[in-house]
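> Can you look at this prediction? I've put the sequence above it.
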Amino acid sequence: MAYENILRDDRDGIAFVNINRPDKLNALNDATIGELQHCFDAITEDESVRAVIVSGTGDKAFIAGADIGELADTTPLTARPLAMKGQRLMSTIEATPKPVVAAINGFAFGGGCELALACHMRFAADSAVMGLPEVTLGIIPGYGGTQRLPRIIGKGRAMELILTAGRVDAAEAHRIGLVNKVFPAADLLAATEKTVRKMMSYGPVAVRMAIDAVNHGSEMPLEDGLNYEATFFGLLASTDDVREGMQAFLEKRAPAFQGR
Ligand code: COA
């Protein structure tokens, strides 16, 4: 599939995915959502990709939200499928079996904030501004924001941000746990790549199972989540990577994981 609204550039195991509509501050129109869905479906299957970094083209915006021009035309019959299409994309991103990190290089509003919330980690430029301003338009976050935001920053703060359409700068986003790290804007991509490469040096099967355990386990009662974790722990014991990881430690050398 040829993309018109996003760029995918694979370099040494990392897929760099950029939303590429800078003149519209990378707003997510329907075509962009479709291309991202195709891209993440392909990345999920692509064994040459070990991690993903998502960012926005230009130095102003990560993603300034869903495309308001398209939202203006919705009807009761089209709005629900529109939300579900966006939600499906966010769930695909969240379930990607390799680390997906958002490099938030500017405005991340509405659907852009929601896309960042679906990523496994969020690294922000010091110039980033984030928020869910949907109520100012008379709508609510529809790409998972009302569900993922409270799970990440807690119900009280999420309620405040959503109801007040609050905009938080990078420092405040970091303080409330909305982003994991903040870097000077010029260093954001290099610093994100450095962390991502570090994760890529660890056991890929373990990383995949850790993502699954956190994603699914955190939605279960504790006892079920613990059982889920123990099952993965048991499964990992059957991998070559576990033996290699332990052996390398004992031999005081770097492990050479094969991902099996
Ligand atoms: N959907 C569609 N187009 C958008 C957009 C969005 N969410 N956000 C920005 N754009 C477009 C603008 O319409 C403008 O297009 P134009 O040049 O053809 O008129 C272009 O991007 C630049 O935006 P502009 O508003 O001129 O930039 P700014 O620096 O003055 O303001 C924002 C930046 C992000 C504060 C402002 O664009 C904004 O508030 N956007 C909407 C954010 C939002 O509510 N998102 C949630 C949607 S559910």
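Structure's in. What do you need?

> So residue 36 versus residue 232, what's the distance?
For residue 36, the distance to residue 232 (CB to CB, to the nearest Å) stands at 28 Å. Any C-beta I mention is one placed from the backbone N, CA and C, and that applies to glycine too.

> and these two? which has more neighbours close in?
residue 36 (24 against 18; other CB atoms under 10 Å).

> In space, what's closest to that one - neighbours in sequence excluded?
Leaving out its chain neighbours, the residue that sits closest to residue 36 by CB to CB, 6 or more residues apart in numbering is residue 89, at 5.5 Å.

> tally of neighbours for that neighbour?
27.

> Wait, it touches residue 35, no?
No: counting by CB atoms under 8 Å, residue 89 stays clear of residue 35, with 9.9 Å between them.

> Near the ligand, which residues of this protein? Just list them.
With the criterion set to CB under 6 Å from any ligand atom, the chain comes near the ligand through 24-25, 27, 64-69, 107, 109-111, 133-134, 137.

> any idea how far the residue of the stretch 101-250 of the chain found nearest the ligand lies from residue 117?
Across the stretch 101-250 of the chain, the shortest distance to the ligand (CB to the nearest ligand atom) belongs to residue 110, at 2.6 Å. Remark: distance between residue 110 and residue 117 (CB to CB) = 11 Å.

> and those two? which has more neighbours close in?
Taking other CB under 10 Å, residue 110 and residue 117 do not tie; residue 110 has more neighbours (29 against 26).

> now the more buried one: how far from residue 186?
Note on residue 110: its distance to residue 186, by CB to CB, is 26 Å.

> What are the boundaries of the helices in this structure?
For the chain, the helices defined by DSSP state H cover 30-45, 68-71, 76-95, 111-118, 145-153, 155-163, 170-175, 188-200, 204-217, 222-236, 240-250.

> Residue 2: how many residues sit nearby?
4.

> hmm, who's touching the least confident helix or strand in the chain by mean pLDDT?
The helix or strand of the chain with the poorest confidence is helix 68-71; it has a mean of 92 (mean pLDDT, DSSP states H and E). Helix 68-71 is contacted by residues 27, 29, 30, 82, 137, 139 when judged by CB atoms under 8 Å, 6 or more residues apart in numbering.

> Now the last one: phi and psi?
Phi and psi for residue 139, reported as degrees, to the nearest 10, are phi -120, psi 180.

> same deal with the second one?
Here is the backbone geometry of residue 29 (degrees, to the nearest 10): phi -90, psi 180.

> How about it: what's its closest non-neighbour residue?
Nearest residue to residue 29 in three dimensions, chain neighbours excluded: residue 67, at 3.8 Å (CB to CB, 6+ apart).

> what about that neighbour, neighbour count?
By other CB under 10 Å, 20 other residues sit near residue 67.

> Let me know the distance separating it from residue 32.
For residue 67, the distance to residue 32 equals 8 Å [CB to CB].

> Please apply the same query to residue 181.
Noted for residue 181: a distance of 26 Å to residue 32, by CB to CB.

> For those two, work out which one has more neighbours and name it.
Higher neighbour count among residue 181 and residue 32: residue 32, with 24 against 15, using other CB under 10 Å.

> Skip the chain neighbours and tell me the closest residue to that one.
The shortest distance from residue 32 to any non-neighbouring residue, by CB to CB, 6+ apart, is to residue 5 (4.0 Å).
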